[in-house]
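*Asks:* turn this into a model:
(one chain, ligands or ions: 2)
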Amino acid sequence: METKLVTIREDRPDREAIRRAGEILRGGGLVAFPTETVYGLGGDALNPESSRKIYAAKGRPSDNPLIVHICRWEDIYRIADPVPEAARKLARAFWPGPLTMILHKTDLVPKETTGGLDTVAVRFPSDPVARAFIEAAGGFVAAPSANRSGRPSPTLARYVLEDMDGRIEMILDGGEVGIGLESTIVDLTGEEPMILRPGFVTREMLTEVLSRVEVDRTILDPDCHLRPKAPGMRYRHYAPKGELVVVEGERDAVVFAICEKCNAAKEKGERVGVIATDETAEAYRKGCRADSVKSVGSRKDPLSVGHSLYRILREFDDEGMTAMFSESFSESGFGQAIMNRLLKAAGHHVENV
Ligand code: AMP
Ligand code: MG
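*Replies:* Ligands and ions are numbered 1, 2, ... in the order given. Below you'll find the predicted structure:
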C-alpha cells in the first residue's frame, strides 16, 4: 500500500483532502492525523474490521483499547451510557481538549475497539484539523497514537511516516503538535473519579471541577505490585532504542554525575546522548565528552519540556545513541505527566546522586 502524505495548513485547511481522508475511513481504511496532544492513527471506531487494522498497523496487542474521538459533545450519548454528572462537568470545563474519559459503552461500540472491555474511552480533541477530519469520517474515530508499538508517540508527521509507511492509506500533516504528550485519562466508572494516565490536564485542574480525584497508584509508585487500570500503561511504552538512565538529585550534583557517567560510557565505546535543560546544556557541552547534548526545554516552562521530550528521544534513536542520561523533573502539575513518560522510556532506571 502507498501511504500518501498530505500537508494541511491550519489557517487554510484543504477541505478536499479532509473529505478524501474521511472517505478512506468510511471505507474501512486508516488515516493518521494531528491532534493537540500527539498524532493519532485513525480508523472508524464503529467498524470492528478497522480496529483490527489499527492493531495490526501498530503491532499493538489487541487487549489494549483504543480512544474514540468525537467532534460534537452530544455524540457522547451514542457511545456511552450512562453519562454521569461528573462527565458533563469535565466536558464543560475541558472539552474540546486533551482529556479522555472512561465510561460504560453502548452496543454501538464494537468490543474490537475497546479491547474486549465494556467501557469506552472518549475524547473530544480541540485541534481544528482533527475536528474537521472526525466530522468527515462520520463522527467516531478510534485512534491510538500513530507510532509502532513501543516507539515514542509521534509529534511530527515525519515520525508517523517513519513508523507507518506502507501500512496506512494517508497521513494528514498539520505540522508539529502543541502539547507533545498524550491526553490525561480519567476513569469515571468506579466509586471515585481516577486518573489512569497523567497529561496536560492535571489533578489540580480536575479537582477544581470535581472535588475528589484519585490517581491510579501504579502511576505514583511503579514498584507497587498492582496492575495499572489502563491496559496500555502495563506495556513498556515510549522506549528509545538505546539505554536511558534518569539521574535525580540537586542540580549541580546531577550535572557532575551525568558528566562522569558520559565519560565512563565513552570509554566503553558507547554513543552517548544527554537530555539537558536550557539551564544546564552549556555545562554538559563544556564538561563532558557526550556525542550529543540536547536541551528538552526550560525548567521555568514545563510545557516546553513536555513538548520536546518525544522528539528528542526519536532524534537520539536516529543518531544511534546507545547510552542516554537525562535530568529528572519535579512531579508537580504537568511534571507528573513528564516524569511518567520519561521513567517509562527509561524502564524506571533511576539513579539518585
Ligand atoms: P493511546 O491511544 O496510545 O494514547 O493509548 C490509549 C490508552 O487509553 C491506553 O493506555 C489504553 O489502555 C487506555 N484506554 C483506552 N480505553 C480504555 C478503557 N476502556 N479502560 C481503561 N483504559 C483505556
Ligand atoms: Mg500510545
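*Asks:* so where's the chain uncertain?
*Replies:* 235-237 (pLDDT under 70).
*Asks:* name the residues of it found near ligand 1, please.
*Replies:* 64-65, 67, 102, 114, 117, 119-121, 144-145, 182, 185, 196-197, 229-233 (Cβ under 6 Å from any ligand atom). C-beta coordinates here come from the backbone N, C-alpha and C atoms, glycine included.
*Asks:* and the residues you listed, which of them are in helices?
*Replies:* Counting by DSSP state H, the residues of the chain next to ligand 1 place none of their members in helices.
*Asks:* correct me if wrong: residue 116 contacts residue 63.
*Replies:* Yes: using Cβ atoms under 8 Å, residue 116 makes contact with residue 63 at a distance of 6.1 Å.
*Asks:* OK, contacts around the closest residue to ligand 1 within the chain?
*Replies:* Nearest residue of the chain to ligand 1 (Cβ to the nearest ligand atom) works out as residue 232 at 2.1 Å. Taking Cβ atoms under 8 Å, 6 or more residues apart in numbering, we find residue 232 in contact with 64-65, 144, 197.
*Asks:* repeat that for 10 Å
*Replies:* By Cβ atoms under 10 Å, 6 or more residues apart in numbering, the contact set of residue 232 is 60-61, 63-67, 115, 121, 144-145, 149, 182, 185, 196-197.
*Asks:* and those, which are buried?
*Replies:* The neighbour-count criterion (16 or more other Cβ atoms under 10 Å) marks 60, 64-67, 115, 121, 144-145, 149, 182, 185, 196-197 among the contacts of residue 232 as buried.
*Asks:* can you give me the helices in the stretch 1-150 of the chain?
*Replies:* Along the stretch 1-150 of the chain, counting by DSSP state H, counting those that start in this stretch, helices occupy 15-26, 48-58, 76-79, 85-94, 128-136.
*Asks:* which one of those helices lies closest to residue 259?
*Replies:* Between residue 259 and the helices of the stretch 1-150 of the chain, the shortest separation by Cβ to Cβ is 38.0 Å, and it involves helix 48-58.
*Asks:* now stretch 128-145 - C-alpha only, PDB.
*Replies:* Provided in PDB are the C-alpha atoms of stretch 128-145 (Å, rounded to 0.1, in the frame of the first residue of the first chain):
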ATOM      1  CA  PRO A 128      -9.200  22.100  14.200                       C
ATOM      2  CA  VAL A 129      -7.800  19.600  11.600                       C
ATOM      3  CA  ALA A 130      -8.600  16.700  13.900                       C
ATOM      4  CA  ARG A 131     -12.200  18.000  14.400                       C
ATOM      5  CA  ALA A 132     -12.800  18.500  10.700                       C
ATOM      6  CA  PHE A 133     -11.400  15.100   9.900                       C
ATOM      7  CA  ILE A 134     -13.500  13.300  12.600                       C
ATOM      8  CA  GLU A 135     -16.600  15.000  11.100                       C
ATOM      9  CA  ALA A 136     -15.700  14.000   7.600                       C
ATOM     10  CA  ALA A 137     -15.100  10.400   8.800                       C
ATOM     11  CA  GLY A 138     -18.600  10.100  10.300                       C
ATOM     12  CA  GLY A 139     -18.100  11.300  13.800                       C
ATOM     13  CA  PHE A 140     -16.400   8.400  15.700                       C
ATOM     14  CA  VAL A 141     -12.700   7.900  15.100                       C
ATOM     15  CA  ALA A 142     -10.800   5.300  17.100                       C
ATOM     16  CA  ALA A 143      -7.300   6.500  17.400                       C
ATOM     17  CA  PRO A 144      -4.300   5.400  19.400                       C
ATOM     18  CA  SER A 145      -1.000   7.300  19.000                       C
END
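*Asks:* what comes up buried for it?
*Replies:* 128-134, 136-145.
*Asks:* just stretch 189-204 next, same as before
*Replies:* Neighbour counts over stretch 189-204 (16+ other Cβ under 10 Å) mark 189, 193-203 as buried.
*Asks:* do the same with stretch 310-319
*Replies:* Buried, per 16+ other Cβ under 10 Å, within stretch 310-319: 310-317.
*Asks:* counting neighbours, what do you get for residue 28?
*Replies:* 13 (other Cβ atoms under 10 Å).
*Asks:* give the contact list for it.
*Replies:* By Cβ under 10 Å, 6+ apart, residue 28 lies in contact with 43-44, 47, 49-50, 53, 169.
*Asks:* got a quick PyMOL command for the buried subset of those residues?
*Replies:* Remark: buried members of the contacts of residue 28, expressed as a PyMOL selection using 16+ other Cβ under 10 Å:
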select buried, resi 43+44+47+50+53+169
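*Asks:* with distance to residue 352 added, can I get the contacts of residue 28 in JSON lines?
*Replies:* Below are those laid out as JSON lines (distance: Cβ to Cβ, whole Å):
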{"residue": "43", "distance to residue 352": "44"}
{"residue": "44", "distance to residue 352": "48"}
{"residue": "47", "distance to residue 352": "49"}
{"residue": "49", "distance to residue 352": "49"}
{"residue": "50", "distance to residue 352": "46"}
{"residue": "53", "distance to residue 352": "45"}
{"residue": "169", "distance to residue 352": "48"}
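*Asks:* okay, buried residues for stretch 115-127 please.
*Replies:* Residues of stretch 115-127 classed as buried by neighbour count (16+ other Cβ under 10 Å): 115, 117, 119-127.
*Asks:* good, we can wrap up now.
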